[in-house]
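Visitor: Provided below are the primary sequence and the corresponding predicted coordinates.
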Amino acid sequence: ARRAALARAGESGATRDGRPVPLLANIGGPQDLDAALRHGAEGVGLYRTEFLFLGRRHAPDAEEQERAYRAALAAFPGRTVVVRALDAGADKPLAFLPPPGEEPNPALGERGLRLLRRFGDVLDAQLGALARAAASETAELQVMAPMVATAEEAAWFAEACRARGLRKAGVMVEVPAAALRAASLAAEVDFLSIGTNDLAQYAFAADRELGTLGDLQDPWQPALLDLVRLAAAGASEAARPCGVCGEAAADPALACVLVGLGVTSLSMAAAALPAVRAGLGEHTLEQCREAAEAARSAGGPGQARAAARACLPALD
Ligand code: PEP
Ligand code: MG
């Protein structure tokens, strides 16, 4: 079954006119790899490593981490596996990585890369385990940092990866400041990956955990699409790829819009891959661009979705 799945994964995602768009899976650990392969993932676009750490009194030891990372690399020989450094803090607090004091607004506090800089030994142990796991595998390991706001942070993370012999480093675009200055961040690293869940939360000042603010977290919000376009354009200026790994990539119409905005790969929950692959394959890059422009010109998320869908006839 694995071999058949790998053969299917050979069919790259692409627009109808042949613009390749790698379609990757979001995973939370080795337990998600079978589903990723079954649904034809071309690789892993987001390995949320915090799931290996949650609910523990101590960080998992070097061997356990190495095993968990090697499993993902071994599942995708010759392909790309993007592993995110531990994204702790805020909604994912860890007992062994406490913020320095009481945080009245944890989502605006020490989380993601901010916390990893405070606990350099935890990051170093993780990067070391990743480097050892990659040494014996043919998959290309790419490592990215969560919750990056500035080019200085991107440069710091790239240096930490280089010091461990890791060849490809990237940063997530989850903070509006990072989208606004995407070209300068991208110049420090090998790639950008947009996390639309947090980018929406911070762009609209709307807690992603609060169901009552659903409209503001709608990924079809034209202001969010503007930020995606800015991030993709900044990455392109620096000649770097720019993916999306937030939930937005899992909606077939929105996936076409993201490609039209300049996004170069899409990573999503595995079950969404077949529908996104089919939707993309039925539309040209020009149609994706028209859908993106129509959505950005709309007054709100509902109109944006309707306007985009009108440009994507095969999705009806
Ligand atoms: C995001 O914020 O969009 C993202 C992909 O990361 P997470 O959902 O794990 O915060
Ligand atoms: Mg996030």
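Guide: Good, I have the coordinates. Ligands and ions are numbered 1, 2, ... in the order given.
Visitor: C-alpha from now on. contacts and neighbour counts both.
Guide: Noted.
Visitor: ok, the closest residue to Arg19 other than its chain neighbours - contacts?
Guide: Spatially, and ignoring its direct neighbours in sequence, Arg19 is nearest to Leu285 (7.0 Å; C-alpha to C-alpha, 6 or more residues apart in numbering). Contacts for Leu285 (C-alpha atoms under 8 Å, 6 or more residues apart in numbering) come out as 15-17, 19, 259-260.
Visitor: same check on Ser265?
Guide: 21-24, 241-244, 259.
Visitor: in CSV: the residues you listed, plus pLDDT.
Guide: CSV is the format used below for the contacts of Ser265 (pLDDT from 0 to 100):
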residue, pLDDT
Val21, 98
Pro22, 98
Leu23, 98
Leu24, 98
Pro241, 98
Cys242, 99
Gly243, 98
Val244, 98
Val259, 98
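Visitor: using TSV, lay out these together with secondary structure and distance to Ala275.
Guide: Formatted as TSV, these follow (DSSP: H, G, I helix; E, B strand; the rest coil; distance: C-alpha to C-alpha, whole Å):
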residue	secondary structure	distance to Ala275
Val21	coil	14
Pro22	coil	14
Leu23	strand	11
Leu24	strand	13
Pro241	coil	23
Cys242	strand	21
Gly243	strand	18
Val244	strand	17
Val259	helix	15
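Visitor: and those residues, which are buried?
Guide: 21-24, 241-244, 259 (16 or more other C-alpha atoms under 10 Å).
Visitor: dump the C-alpha coordinates for stretch 133-147 into PDB.
Guide: The C-alpha trace of stretch 133-147 is given here as PDB (Å, rounded to 0.1, in the frame of the first residue of the first chain):
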ATOM      1  CA  ALA A 133      17.900  11.900  11.700                       C
ATOM      2  CA  ALA A 134      18.500  13.600   8.300                       C
ATOM      3  CA  ALA A 135      22.100  12.200   8.000                       C
ATOM      4  CA  SER A 136      20.900   8.700   7.000                       C
ATOM      5  CA  GLU A 137      17.800   9.700   4.900                       C
ATOM      6  CA  THR A 138      17.400  10.800   1.300                       C
ATOM      7  CA  ALA A 139      14.500  13.200   2.000                       C
ATOM      8  CA  GLU A 140      15.400  16.800   2.100                       C
ATOM      9  CA  LEU A 141      14.900  18.200   5.600                       C
ATOM     10  CA  GLN A 142      13.800  21.800   5.900                       C
ATOM     11  CA  VAL A 143      13.500  23.300   9.400                       C
ATOM     12  CA  MET A 144      11.400  26.300  10.200                       C
ATOM     13  CA  ALA A 145      10.800  28.600  13.100                       C
ATOM     14  CA  PRO A 146       7.300  29.500  14.400                       C
ATOM     15  CA  MET A 147       6.100  33.000  15.400                       C
END
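Visitor: which residues are contacting that stretch?
Guide: Contacts of stretch 133-147 (C-alpha under 8 Å, 6+ apart): 66-67, 69-70, 73-74, 76-87, 111-114, 154, 157, 161, 166-175.
Visitor: can you map out the strands along the stretch 51-200 of the chain?
Guide: Counting by DSSP state E, counting those that start in this stretch, the stretch 51-200 of the chain has strands at residues 80-84, 140-148, 169-173, 191-194.
Visitor: the shortest one near ligand 1 anywhere?
Guide: No: with C-alpha under 6 Å from any ligand atom as the criterion, ligand 1 is not reached by strand 191-194; the gap is at least 6.8 Å.
Visitor: and the contacts of that strand?
Guide: 169-174, 186, 228, 231, 235, 240-246.
Visitor: the third one too?
Guide: Outside strand 169-173, the residues within contact range by C-alpha under 8 Å, 6+ apart are 142-149, 154, 157-158, 161, 179, 185-186, 189-195, 199, 231.
Visitor: for Glu102, grab the count of nearby residues.
Guide: By the measure other C-alpha atoms under 10 Å, the count of residues near Glu102 is 9.
Visitor: pLDDT value on it, please?
Guide: The model reports Glu102 with a pLDDT of 89.
Visitor: get me the contact residues on the stretch 51-200 of the chain for ligand 1.
Guide: 174, 195-198.
Visitor: where along the stretch 201-316 of the chain do the helices fall?
Guide: In the stretch 201-316 of the chain, the segments counted as helices under DSSP state H, counting those that start in this stretch are 222-237, 252-260, 273-281, 285-296, 301-310.
Visitor: among these, which is the most enclosed?
Guide: The highest mean neighbour count among the helices of the stretch 201-316 of the chain, using mean count of other C-alpha atoms under 10 Å, belongs to helix 252-260: a mean of 26.
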